[in-house]
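Enquirer: Here you go, sequence then predicted model.
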Amino acid sequence: MKHVRVAVVGAGVVGLSTAVCIAEALPHCSVTLLAEKFSPDTTSDGAAGILWPVTLPDIPLERQRSWLKDSFDHLLAIAQSQHSPEAGVMLSSGWTIFKEVPANKKPHFSDLVIGFRNMTDNEMKRFPDHKFGHAFTTLKCECSSYLLWLEKRFRKAGGQVEKRKVNSLQELSNSYDIIVNCSGLGSKTLVGDSEVYPVRGQVLKVEAPWLKHFIRDGDGKTYIYPGIHSVTIGGTRQEDDWRLEVDKGDTQGILERCSQLEPSLSKAKVLSEWVGLRPSRKCPRVEREVVRLQGRSVPVVHNYGHGAWGVTLAWGTAQDALGLVRNASMK
Ligand SMILES: Cc1cc2nc3c(=O)[nH]c(=O)nc-3n(C[C@H](O)[C@H](O)[C@H](O)COP(=O)(O)OP(=O)(O)OC[C@H]3O[C@@H](n4cnc5c(N)ncnc54)[C@H](O)[C@@H]3O)c2cc1C
Ligand SMILES: O=C([O-])CC(=O)C(=O)O
């Protein structure tokens, strides 16, 4: 089989997952990961890191369920292995609570997470402003640990890493046969996708080792996710807001809303505050196109636009991207 040179652009959770999948599954490909920023400076580093069983608009249900299932199985295998502490992947149990009873009390993902059930009236008593809830077990990543672990796994599979900004895909066309675009929000300029936009999110890490269960309001604005070293509390969802500075008003709002759900948080020490820009799009773009670069037709596999769900979907969409690269590399 002919040797194929693959460039993966982007070293967030999506790029690293995709690079690992290709490097491990396609021995006839040499894979180079190119990125302007690596851990700890990517959006993925600051994510709360929960695998959230999201429902996406416009992606066929079967396809999004397979993204969720692949990601869940992958992270579960790590959580149940000796790699769990180094990779920073753990099981996480808790509750999603809703102010209004949802139309569908048994969502499509109820068989994908562990132990899904509706909350009992007794459990709901501590949340007097909420009418209904789900209880289940999912997975959570300490993202910086997980990214470093993925990078190590990628290098072990023979992958090369290069820190550089790619200003145009033209720059890569002489050195690579296939380009995989995992540049997140960078796709707005790198491939001129005007559908990509930032959704600003602010979170705090607090010291509250007595908290062991996650709590998330169904509106997505308030959440509490206990992790290995700290508890992540949030959040905000501010569309088209490019500010990367911490907003003290947001910090105050997060502390107030989270303490309403979990009063003991008023006793927790704030360890850090962080802002990230979710690489949002109506739905993630996972597809192949052929682009004319310096007179050559180069396959470009896109895998970006995961918005609030990059940790959740990265391994699943990486499997799809792997399939697209495999096909392109056989031609
Ligand atoms: C506050 C907050 C909380 C979150 N919590 C969760 C959560 O609990 N669960 C969940 O699933 N998701 C969560 N997310 C969403 C998650 O962070 C994103 O979906 C995810 O990080 C996207 O990953 P990515 O690899 O596509 O992008 P990024 O992590 O942004 O990585 C993009 C990479 O591309 C590189 N790049 C871009 N342009 C270029 C270029 N021109 N040349 C070279 N390199 C380039 C960058 O340098 C970087 O390496 C959260 C987000 C925020 C903001
Ligand atoms: O919504 C959540 O629970 C966490 C998350 O993914 C985000 O803030 O983007």
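Expert: Happy to help now that I have it. Residues are numbered from 1 along each chain as shown. Ligands and ions are numbered 1, 2, ... in the order given.

Enquirer: Show me which residues of the stretch 151-300 of the chain are close to ligand 1?
Expert: By CB under 6 Å from any ligand atom, the residues of the stretch 151-300 of the chain that approach ligand 1 are 165-166, 182-186, 190, 201, 203, 234-235, 276, 278-279. Backbone N, C-alpha and C define where each C-beta goes, glycine included.

Enquirer: So for the residues you listed, which is the shakiest by pLDDT?
Expert: pLDDT across those is lowest for residue 235, at 93.

Enquirer: just checking, that one touches residue 253?
Expert: No. Judged on CB atoms under 8 Å, residue 235 makes no contact with residue 253 at a distance of 9.8 Å.

Enquirer: Neighbour count: the two, which is higher?
Expert: Neighbours were counted for residue 235 and for residue 253 using other CB atoms under 10 Å; residue 235 has more, 25 against 16.

Enquirer: what sits against that one?
Expert: Listed by CB atoms under 8 Å, 6 or more residues apart in numbering, the contact set of residue 235 reads 48, 201, 202, 203, 220, 221, 222, 223, 254.

Enquirer: where does the chain come near ligand 2, residue by residue?
Expert: Checking the chain against ligand 2 by CB under 6 Å from any ligand atom, the hits are 48, 50, 52, 201, 216, 220, 223, 234, 235, 278, 308.

Enquirer: With the flanking residues excluded, which residue is spatially nearest to the first one?
Expert: Pointing back at residue 48 there. Closest residue to residue 48 apart from its sequence neighbours, by CB to CB, 6 or more residues apart in numbering: residue 232 at 4.5 Å.

Enquirer: The one you found looks like it's in a strand, true?
Expert: Yes. Under DSSP: H, G, I helix; E, B strand; the rest coil, residue 232 falls within a strand.

Enquirer: tell me which strands and helices the strand or helix carrying residue 253 is in contact with?
Expert: Residue 253 is located in helix 248-261, with elements delineated by DSSP states H and E. Helix 248-261 sits against strand 197-207, strand 214-217, strand 223-226, strand 231-234, strand 269-280, with contacts defined as 3 or more CB pairs under 8 Å, 6 or more residues apart in numbering; DSSP states H and E.

Enquirer: The residue in the stretch 51-200 of the chain that ligand 1 sits nearest to in helix, strand or coil?
Expert: In the stretch 51-200 of the chain, the residue that lies nearest ligand 1 is residue 186 (2.1 Å; CB to the nearest ligand atom). Recorded secondary structure, residue 186: helix (three-state DSSP).

Enquirer: Stretch 118-131 spans what distance, first to last residue?
Expert: This stretch, stretch 118-131, spans 11 Å end to end (CA to CA, to the nearest Å).

Enquirer: Now find how far off-centre it is within its chain.
Expert: Centre-to-centre, stretch 118-131 and its host chain are 29 Å apart (CA atoms, centre = their mean, to the nearest Å).

Enquirer: try stretch 201-208
Expert: 17 Å.

Enquirer: Residue for residue, what is the longest helix this structure has?
Expert: helix 310-330 (DSSP state H).

Enquirer: What residue, apart from its backbone neighbours, is nearest residue 330 spatially?
Expert: Counting by CB to CB, 6+ apart, the residue nearest residue 330 is residue 1, at 8.0 Å.

Enquirer: My error: substitute residue 196 in the last question.
Expert: Residue 196 sits nearest to residue 188 (CB to CB, 6+ apart), 4.5 Å away.

Enquirer: wait, what's in contact with the one you found?
Expert: 194, 196, 197.

Enquirer: Check which element follows the helix or strand hosting residue 148 along the chain.
Expert: Using DSSP H and E, residue 148 sits within helix 143-156. Downstream of helix 143-156, the next assigned helix or strand under DSSP H and E is strand 160-163.
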